[in-house]
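Participant: Compute the structure for the input listed below.
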Amino acid sequence: MSKKFNCSIKRIRFDENYRPADSTRLTTNFANLARGEHREENLRKTLRMINNRFNALAHWDNPTADRYSVEVDIISIDMDVAGNGHTFPVIETLKTTIVDHKENTRIDGMMGNSFSSYVRDYDFSVVLPEHFNNHSTSPVSAPPEDFGDLHGKLFQYLLNSEAYKAQFNNKLVICLSVSTSKTYHRTTNQHPVLGVEYKQDDYSLTDDYFHKMGLTVRYFMPANSAAPLAFYFAGDLLTDYTDLELISAISTMETFQKIYRPEIYNANATAGEVYQPSLKYQDYSLTQIVYDRAERSQMAVKQGKFTEEQFIKPYQAILEEWAASYDVASKKNLHQ
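Facilitator: Model (predicted):
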């Protein structure tokens with residue numbers, strides 16, 4: 001029988017007064033915005049963009065485009081693997097709540113949206129480079145066979161934990177940028193909220209990594225978007241969620257992508273039938289929100305090393321023994 005780890009959940013409101021917790025990865029999009037002299041202005045403008053996009057998509061019975069606003073909570077899930085009271089922040093996601101000002105009601109929005117993980121930093125910024133460096137004399141293009149196995153099991157363990165299920169009922173959906181290394185083809189399939197579907201024949205390393213977390217990917221470009229978004233989910237993306245839940249994910253994550261990847265998501269031309277995203281694209285508009293993209297890429301390496309020193313190495317024997325006995329196949333598929 002697999003060892004039980006202690007899980008705990010913290011939440012903090014993402015608003016103009018937000019300050020990142022000490023345990024928050026500094027590369028996380030919402031944390032990066034909340035730093036420096038422009039922090040409050042950044043946060044106000046980001047929330048305004050989210051609300052405007054939400055009302056544009058939820059346009060029915062909303063003639064003045066101000067019926068709804070979106071509240072965003074940052075959810076941090078920590079784990080104590082040794083039973084000594086020392087926790088490590090394993091994953092961080094966002095939970096949205098929709099405020100209907102016409103009906104004066106609060107509605108559950110999407111759980112997930114963004115995805116932040118120190119262990120993922122370790123995998124991509126420490127494990128992967130070392131793997132390729134070790135094969136420099138006989139180059140390989142594939143990652144190690146067990147790449148992402150531990151992270152995938154930790155993720156599924158957390159989402160099936162009593163701590164998680166006590167607070168969240170709806171299944172998690174993560175919404176990320178499409179890969180700049182892949183080509184996407186528009187299909188004839190169109191959803192009233194998610195928009196037109198794109199497909200690709202060759203999944204990215206990120207897609208495979210999320211598959212080990214128990215998540216499938218589909219790509220949709222909502223109305224008036226510049227490019228498709230990648231939606232990672234368990235279950236059925238098109239039937240398991242309400243229109244407002246889907247809109248909360250789109251409005252939140254498209255806003256962050258416009259800020260961080262304007263070459264793709266704030267481009268002045270819409271993705272065509274055959275589309276390859278590029279960060280070298282020059283015809284795009286900038287938001288009025290300040291951030292440092294170069295710093296984010298540098299910090300990923302530092303935070304990967306931090307994870308190795310503070311979590312992987314100290315608890316390696318415990319984690320390896322647990323992972324060997326943790327049977328993902330026997331777990332329910334993320335609360336289905």
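Participant: Low-confidence stretches in the chain?
Facilitator: 1-2, 20-38, 136-140, 290-298, 328-336 (pLDDT under 70).
Participant: where exactly do the strands run in it?
Facilitator: 6-14, 68-80, 88-100, 105-117, 172-177, 184-191, 195-199, 216-221, 229-233, 274-275 (DSSP state E).
Participant: partners of the last one in the sheet?
Facilitator: Based on DSSP bridges, the strands next to strand 274-275 in the sheet, each with its direction, are strand 184-191 (antiparallel).
Participant: coming back round to it: and of the strands of the chain, who's closest to Pro129?
Facilitator: Nearest to Pro129 among the strands of the chain is strand 105-117 (17.3 Å), distances taken as Cβ to Cβ. From N, CA and C alone the C-beta is placed, and that goes for glycine too.
Participant: Give the buried residues for that closest one.
Facilitator: Going by neighbour count (16 or more other Cβ atoms under 10 Å), the buried part of strand 105-117 is 108-117.
Participant: Run the chain-centre distance for it.
Facilitator: Relative to the chain's own centre, strand 105-117 is displaced by 10 Å; criterion: Cα atoms, centre = their mean, to the nearest Å.
Participant: can you check stretch 64-82 too?
Facilitator: Distance, stretch centre to chain centre, for stretch 64-82: 12 Å (Cα atoms, centre = their mean).
Participant: Distance to Ala324 for the strands of the chain - can I get that in TSV?
Facilitator: Output for those, formatted as TSV (distance: least, Cβ to Cβ, whole Å):
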stretch	distance to Ala324
strand 6-14	20
strand 68-80	18
strand 88-100	19
strand 105-117	21
strand 172-177	26
strand 184-191	37
strand 195-199	36
strand 216-221	26
strand 229-233	26
strand 274-275	42
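Participant: just so I know, which of these lies nearest Thr255?
Facilitator: Nearest of the strands of the chain (Cβ to Cβ): strand 68-80, 9.6 Å.
Participant: strand partners of that closest one, parallel vs antiparallel please.
Facilitator: According to DSSP bridges, strand 68-80 forms sheet pairs with strand 6-14 (antiparallel), strand 88-100 (antiparallel).
Participant: which parts of that strand are buried?
Facilitator: 68-79.
Participant: Which residues in stretch 185-200 does the neighbour count mark as buried?
Facilitator: 186, 193-198, 200.
Participant: Check stretch 148-164 too.
Facilitator: 148, 150-161, 164.
Participant: quick check, nearest of those to Arg44?
Facilitator: Tyr164 (31.0 Å).
Participant: Can you tell me the closest non-neighbouring residue to the closest one?
Facilitator: Spatial nearest neighbour of Tyr164, excluding adjacent residues (Cβ to Cβ, 6 or more residues apart in numbering): Leu158 at 6.0 Å.
Participant: wait, the one you found sits on Gln167?
Facilitator: No: in this structure, Leu158 is not within contact of Gln167 by Cβ atoms under 8 Å, at 11.9 Å.
Participant: want to throw the strands paired with strand 68-80 into JSON lines with mean neighbour count and distance to Ala142?
Facilitator: Formatted as JSON lines, these follow (neighbours: other Cβ atoms under 10 Å; distance: least, Cβ to Cβ, whole Å):
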{"stretch": "strand 6-14", "mean neighbour count": "16", "distance to Ala142": "33"}
{"stretch": "strand 88-100", "mean neighbour count": "21", "distance to Ala142": "26"}
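Participant: Of those, which is nearest Gln316?
Facilitator: Comparing the strands paired with strand 68-80 against Gln316 with Cβ to Cβ, the closest turns out to be strand 88-100 (13.0 Å).
Participant: which residues touch Leu246?
Facilitator: 110, 193-194 (Cβ atoms under 8 Å, 6 or more residues apart in numbering).
Participant: how about 6 Å then?
Facilitator: Val193 (Cβ atoms under 6 Å, 6 or more residues apart in numbering).
Participant: same check, this time on Cys175
Facilitator: Applying Cβ under 6 Å, 6+ apart, the residues near Cys175 are 113, 229, 231, 249, 253.
Participant: would you list the residues you listed in a markdown table and tack on distance to Thr216?
Facilitator: Below are the contacts of Cys175 laid out as a markdown table (distance: Cβ to Cβ, whole Å):
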| residue | distance to Thr216 |
| --- | --- |
| Asn113 | 17 |
| Leu229 | 15 |
| Phe231 | 9 |
| Ala249 | 15 |
| Met253 | 17 |
